[in-house]
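Novice: Predicted coordinates and the sequence they were generated for:
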Amino acid sequence: MAEAKILATIERSATEQLQISISEYRGKSYFNLRIFYTTDDGLTWLPTKKGVTFAPDQLDILSDAIEEAKKEFMAEEG
């Protein structure tokens, strides 16, 4: 399996982060949202079973949902 390309990282705590990445598995590319953890102060990050993987053809659905959420949150703030 090829090395995942990390697109973004969201810190959840000192020992946990959400990694947003693209990876390849069995010749197909995937978009991943996965919780990683560290036990050595961030030198090594290991994946947990907590996560979601999307096929490329599902990204428009995800993107539309994120845009809808942003509109909802902006409406709440206004």
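Specialist: Sure, I can see it. Residues are numbered from 1 along each chain as shown.
Novice: Show the residue spans covered by the strands in this protein.
Specialist: Shown for the chain, the strands assigned by DSSP state E span residues 5-13, 16-25, 28-37, 46-54.
Novice: now these as TSV including mean neighbour count and distance to E72?
Specialist: C-beta here means a position set from N, CA and C on the backbone, and glycine is covered the same way. Formatted as TSV, those follow (neighbours: other C-beta atoms under 10 Å; distance: least, C-beta to C-beta, whole Å):
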stretch	mean neighbour count	distance to E72
strand 5-13	11	20
strand 16-25	15	21
strand 28-37	16	20
strand 46-54	11	20
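Novice: Redo the ones you listed as CSV? Include mean pLDDT and distance to D60.
Specialist: Shown next, in CSV, are the strands of the chain (pLDDT from 0 to 100; distance: least, C-beta to C-beta, whole Å):
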stretch, mean pLDDT, distance to D60
strand 5-13, 97, 17
strand 16-25, 96, 16
strand 28-37, 97, 11
strand 46-54, 96, 10
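Novice: can you tell which of these is closest to L62?
Specialist: L62 sits nearest to strand 46-54 of all those, at 6.0 Å, using C-beta to C-beta.
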